[in-house]
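Engineer: got a predicted model here, sequence first, then my questions.
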Amino acid sequence: MNYSDEEKMELVAQWIRDKRRIVVFTGAGVSTESGIPDFRSPGGIWERFDPNEFLFDNFLASEKIRVKYWKFHTEIYYTIIKAEPNPAHEACVKLDRMGKLDCVITQNIDNLHQKAGLSKEKVIELHGNALRVTCLSCGKEYDRAAIQARVESGDEAPVCDDCQGLLKPATIAFGQQMPFRETREAEKRSENAEVFLTVGSSLLVYPAASMPVFAKQGGARLAIVNLTATPYDHEADICIREKAGSVMNKIVSLLSDQKG
Ligand code: NAD
């Protein structure tokens with residue numbers, strides 16, 4: 001059956017109406033409308049920095065790479081702190097206020113779901129958060145702003161005040177282990193979801209991209225909202241190739257209309 005996008009959004013709203021365990025899984029595409037580019041697009045950050053250089057083992061092994069990595073992350077930091085949530089982030093907050101949102105599982109590191117108003121308990125961050133810094137030796141956490149100020153005043157590859165371990169933005173680099181607790185929790189929530197919406201993710205990065213599969217195995221309805229095709233489109237009950245902001249906003253307004 002060929003549905004129009006309008007009909008697809010109405011169908012997703014219908015699924016959500018009688019359910020409470022909605023899981024929204026988000027990738028970089030949910031934040032492009034907030035002015036944070038995804039990494040792989042033309043003009044994206046990978047055209048100016050080489051991702052292979054930033055493998056986690058290289059960060060550990062070389063002071064030169066650490067200096068470069070902090071420069072790369074300084075660019076990301078300023079893009080992120082200037083950005084404001086868009087209608088897709090706001091739609092997740094509305095779902096939560098309706099008592100529908102089980103959680104958001106995000107690959108993003110930009111804190112925009114929390115900035116939009118979701119509590120930190122509702123957001124599972126699979127790739128960490130760029131607004132925090134961690135010591136790789138003792139695990140001490142720092143606020144990013146304080147460490148960023150140190151970097152910009154010449155401490156180009158900062159170390160921990162307590163143990164002299166290497167400090168790194170609290171995000172997951174290529175080759176770095178995924179956070180165990182968050183990954184396990186995300187798997188569990190995906191398996192238990194009644195409706196699973198993936199929004200703005202290419203579904204190419206693992207293990208994050210396995211979450212929609214767990215959701216389907218657990219019996220959830222699966223909708224994929226993404227501008228481009230993903231490897232899991234054939235598993236989805238509905239695919240919408242439109243912008244995250246307008247689609248999420250529309251789905252949630254259809255729910256609100258019904259409530260009113
Ligand atoms: P990704 O794998 O999450 O893919 C982004 C997808 O979003 C693409 O398929 C693109 O077609 C789609 N898209 C772009 N704008 C959209 C829109 N307005 N509406 C709907 N779909 C849209 O992204 P990536 O750039 O390959 O990033 C890989 C990893 O890097 C992420 O998983 C994340 O950890 C990190 N990252 C985070 C941010 C952020 O925090 N905002 C930004 C870039 C990269």
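Structural biologist: Right, received. Where do you want to start?

Engineer: what parts of this protein come near the ligand?
Structural biologist: By CB under 6 Å from any ligand atom, the residues of the chain that approach the ligand are 27-29, 31-33, 36, 38-40, 107-110, 127, 200-202, 204-205, 226-228, 243-244. All C-beta spots, glycine's among them, are computed from the backbone N, C-alpha and C.

Engineer: straight-line length of stretch 114-121, end to end?
Structural biologist: Its start and end residues considered, stretch 114-121 measures 10 Å (CA to CA, to the nearest Å).

Engineer: quick one, which of the residues of the chain next to the ligand are buried?
Structural biologist: Using 16 or more other CB atoms under 10 Å as the burial test, these include 27-29, 31-33, 36, 38, 107-110, 127, 200-202, 226, 243-244 as buried.

Engineer: can you list the residues that contact stretch 103-111?
Structural biologist: 23-28, 30-31, 34, 36, 76, 80, 83, 92, 113, 118, 122-131, 169, 171, 186, 189-190, 201, 205, 208, 211 (CB atoms under 8 Å, 6 or more residues apart in numbering).

Engineer: and that stretch, end to end?
Structural biologist: 14 Å.

Engineer: now it: how far from the chain's centre is it?
Structural biologist: Offset of stretch 103-111 from its chain centre (CA atoms, centre = their mean, to the nearest Å): 3 Å.

Engineer: not counting sequence-adjacent ones, nearest residue to the residue in the stretch 1-150 of the chain that the ligand sits nearest to?
Structural biologist: Nearest residue of the stretch 1-150 of the chain to the ligand (CB to the nearest ligand atom) works out as G29 at 2.2 Å. Nearest non-adjacent residue to G29, counting by CB to CB, 6 or more residues apart in numbering: G200, 2.5 Å away.

Engineer: that neighbour touches A88, doesn't it?
Structural biologist: Yes. The pair G200 and A88 qualifies as a contact (CB atoms under 8 Å) at a distance of 7.2 Å.
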